[in-house]
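[1] Fold the following, please.
(chains A and B)
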Amino acid sequence: MVADCAAVGGSRRVTHTDGSRNPATRVPIQVDRGASVIRFDNVSKTYPKQNRPALRDVSLEIERGEFVFLVGSSGSGKSTFLRLLLREERASHGAVHVLGKDLAKLSNWKVPQMRRQVGTVFQDFRLLPNKTVGQNVAFALEVIGKPRGQIRKTVPEVLELVGLGGKEDRMPGELSGGEQQRVAIARAFVNRPMLLIADEPTGNLDPQTSVGIMKLLDRINRTGTTVVMATHDQQIVDQMRKRVMELEKGRLVRDQSRGVYGYQH
Amino acid sequence: MRAQFVLSEIGVGLRRNLTMTFAVIVSVALSLGLFGASLLMSDQVDTMKGYWYDKVNVSIFFCNKNDDSGGNCAKGAATAQQKAEIKADLNRLPLVESVQYESSDQAYKHYKQQFGDTPVAGLVTPDQLPESFRVKLKDPTKFAVIKSAFSERPGVQEVQDQRGTVEPLFNLLDGMRIAALCVMGLMLVVALLLIVNTVRVSAFSRRRETGIMRLVGASSFYIQMPFIMEAAIAGLIGAVFACVLIVGGKYALINNWLAQKIKVVDFIGWDSVASVLPLVLLIGLVMPAIAAFFALRKYLKV
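    Modelled structure (predicted):
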């Protein structure tokens, strides 16, 4: 199995976990730290009143401009991983660095500042149903106090970018699922974040629509934004041939630079 | 901060929770109304105490010629010599601040002043009222010293601590004030619980918005602001109603009723009312805001 992973993983500059369950044998991470967008150092997370940790001794590094799939069955720790990135949760052990900041040392009032540099997209879109498409995107700018002139200029631009040009005044309910997800992506991207986190963005969409969304995410990735995407969609992962990290019972069991969804036996 | 955006959020929140907002307004109005009333009541007691304690002290009444109460007065009216001796003794006491003589005629005049043209006033003639020394004490509570020293002196009919005659009234007013404060306290607890609950409902009904705000990096201040302002505005409206209650109460109860019936008492004026109102408004604004802030810590994850 280990050999398999290494074979598919190919030649990556970044070190990955060697697949072994024994942390002691892990190769130490030695990369240019200035370029890393996300870095986990031996991170564990145990939720209160639970014996089994949701994440167990995870170490990894994601560099600027990477596109990373996060795969694993339900309960494998994907959500916890993403929640740690957004500092919705704090690590029980180890250090989480996002955009060069140690989240454990980040004071509460600075967290919003950090989140402005991280875009987030979810399976359920999370749009405001009583606001138009344009207002939904503008909302993200309003609540961080951007001046109105800038909002008026930026919103149509970003809607154009996601392929929703001219649909500013539509209500989310009038749009298809794929279009709604594009609105959510526009909202996540309107601040030009360094990092885009997508939690099963295609989970509610049919395969064809999913491809469109993936193309959009790929385009965003090409602008230099790092994308971390948790997914269950085997087809997408296999097609995209991007870096794949697999979590299993809270451990990082696989990290391949041009990976596929599952083990190819 | 975009004021227009925040204001529209507040408007939406208040309308969405109309019944709860109404309950908050009513309970804040009642509790602050009672709070103001109890402040005014203690003002009233102070006013009256100042008025009475200044005028009313220990009185040493002398026997007059009509007196047939026996005891010290068995030998008829007090003589000039007896009065002079008592006055000299009083002046010698360090406790005594001043001694003032009141003749029967003066007593009658005061009596007329107090009871005016009521039927009772006609029954009294000057010679029925005893002469007296009005003794002002440096410490009004040391009445017992005077009483034991002078009540057995010949010619003295009675030593009376006139504070005692007004004390029950003050006690009554104090009791009412404390009762009002207790009811206020209860109403305040009710108001605070309502505010906490309103904020909870409000936060729940807007969890979608606040969740998105959190994700896109709105500051916690920005997220909490509409909720806190909502509570503060509801509280302020309640406080305005409380002010109306206080002003209306003062007008109806004191100006139109008590002041007409009871002329002897000095009632509080509009200046006391005016000094209470800003406090009521301030508390009405700040207290719900603080309650909302603490409620949000519990019900709104930021």
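[2] at contact distance from chain A, anything in the helix or strand harbouring residue B:278?
    Per DSSP states H and E: residue B:278 is located in helix B:270-299. No. Helix B:270-299 stays clear of chain A (C-beta under 8 Å from any C-beta of the partner chain), getting no nearer than 11.6 Å. (Each C-beta comes from the backbone N, C-alpha and C, glycine too.)
[3] May I have the secondary structure class of residue A:119?
    strand (DSSP: H, G, I helix; E, B strand; the rest coil).
[4] and if you look at residue B:99?
    Residue B:99 ends up strand, using three-state DSSP.
[5] contacting residues for it?
    By C-beta atoms under 8 Å, 6 or more residues apart in numbering or on different chains, the residues touching residue B:99 are B:87, B:90-91, B:133-136.
[6] So which of the residues you listed wins on neighbours?
    With neighbours taken as other C-beta atoms under 10 Å in any protein chain shown, the top of the contacts of residue B:99 is residue B:135, carrying 25 neighbours.
[7] quick revisit: just the mean pLDDT for the helix holding residue B:278, thanks.
    Computed over helix B:270-299, the mean pLDDT rounds to 92.
[8] Distance from the chain centre to that helix, please.
    Relative to its chain's centre, helix B:270-299 lies at 20 Å (C-alpha atoms, centre = their mean, to the nearest Å).
[9] one step back: out of the contacts of residue B:99, flag the one nearest to chain A.
    Comparing those against chain A with C-beta to the nearest C-beta places residue B:136 closest, at 63.7 Å.
[10] does the closest one have beta-bridge partners, and which?
    Counting by DSSP bridges, residue B:136 is bridged to residue B:98.
[11] Dump the contacts of residue B:99 to CSV, plus pLDDT and secondary structure.
    Below are these laid out as CSV (pLDDT from 0 to 100; DSSP: H, G, I helix; E, B strand; the rest coil):
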residue, pLDDT, secondary structure
B:87, 85, helix
B:90, 84, helix
B:91, 85, helix
B:133, 85, strand
B:134, 81, strand
B:135, 83, strand
B:136, 81, strand
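[12] Just give me the closest of these to residue A:245.
    If you rank the contacts of residue B:99 by distance to residue A:245 using C-beta to C-beta, residue B:136 comes first, at 93.0 Å.
[13] and the helix holding residue B:278, what does it pack onto?
    Other helices and strands packing on helix B:270-299, by 3 or more C-beta pairs under 8 Å, 6 or more residues apart in numbering or on different chains; DSSP states H and E, are helix B:18-55, helix B:163-205, helix B:220-249.
[14] closest to residue A:187 out of those helices?
    Closest approach to residue A:187 among the helices and strands packed on helix B:270-299 (C-beta to C-beta): helix B:220-249, 16.5 Å.
[15] Name the residues that touch the next helix-or-strand element following that closest one?
    Later in the chain than helix B:220-249, the nearest helix or strand by DSSP H and E is helix B:259-261. The contact list for helix B:259-261 (C-beta under 8 Å, 6+ apart) reads residue B:267.
[16] just to revisit the earlier point, quick check: which of the helices and strands packed on helix B:270-299 is buried the most?
    Most buried of those, by mean neighbour count (mean count of other C-beta atoms under 10 Å in any protein chain shown): helix B:220-249, with a mean of 21.
[17] do that one and chain A meet at all?
    Yes. Helix B:220-249 reaches chain A (C-beta under 8 Å from any C-beta) through B:220, B:222-223.
[18] Next secondary structure element downstream of the lengthiest helix in chain A?
    If you go by DSSP state H, chain A has its longest helix at helix A:207-222. Once the chain leaves helix A:207-222, the next helix or strand it forms, by DSSP H and E, is strand A:226-230.
[19] Starting from that following strand, tell me which strands it pairs with and how they run.
    strand A:67-71 (parallel), strand A:195-199 (parallel).
[20] Between helix A:207-222 and the last one, find me the angle.
    In this case it means strand A:195-199. Angle, strand A:195-199 to helix A:207-222, by axes from the mean of the first three to the mean of the last three C-alpha atoms, to 10 degrees: 160 degrees.
[21] If anything else comes up later, I'll come back, but that's it for now.
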